[in-house]
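**Q** kindly return the folded structure for what I paste below:
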Amino acid sequence: MSFVKTLASKFYRGALFIAFLAFMLLSVMLLFTFLANPEGMIDHVKHTFGIRG
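**A** Just a heads-up that it's a prediction; the model follows:
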C-alpha cells in the first residue's frame, strides 16, 4: 500500500508541475504578444469579449 501512496503522490506532484509549466508558457506567450503589438492585442481582447470603447 505504501508503494501506491508514493506513486500517487509523485504522479500528483508531476501533474501539478506540468500544469504550472503550461500556465507559465501561456503567460509568457501572452506577454510577448502584448509587447510586440500592444494596440493590436488590446483590440483583439476587446473584440473577443465584446467590450466597446
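**Q** show me where this structure has its strands.
**A** Using DSSP state E, no strands are assigned anywhere in the chain.
**Q** for it, what's the longest helix?
**A** Longest helix of the chain, by residue count under DSSP state H: helix 2-36.
**Q** show me which positions of that one end up buried.
**A** The neighbour-count check on helix 2-36 (16 or more other C-beta atoms under 10 Å) flags nothing as buried. C-beta: built from backbone N, CA, C; applies to glycine.
**Q** and the residue positioned nearest the centre of the chain, how close does it get to residue 14?
**A** Central residue of the chain (C-alpha atoms, centre = their mean): residue 23, 2.4 Å from the mean position. Separation of residue 23 from residue 14 (C-beta to C-beta, to the nearest Å) stands at 15 Å.
**Q** cool, residue 48 as well?
**A** Taken as C-beta to C-beta, the span from residue 48 to residue 14 is 33 Å.
**Q** same check, this time on residue 36
**A** Counting by C-beta to C-beta, the gap from residue 36 to residue 14 is 33 Å.
**Q** same question, residue 40
**A** Taken as C-beta to C-beta, the span from residue 40 to residue 14 is 37 Å.
**Q** cool, and residue 8?
**A** 11 Å.
**Q** likewise for residue 26?
**A** In terms of C-beta to C-beta, residue 26 sits 19 Å off from residue 14.
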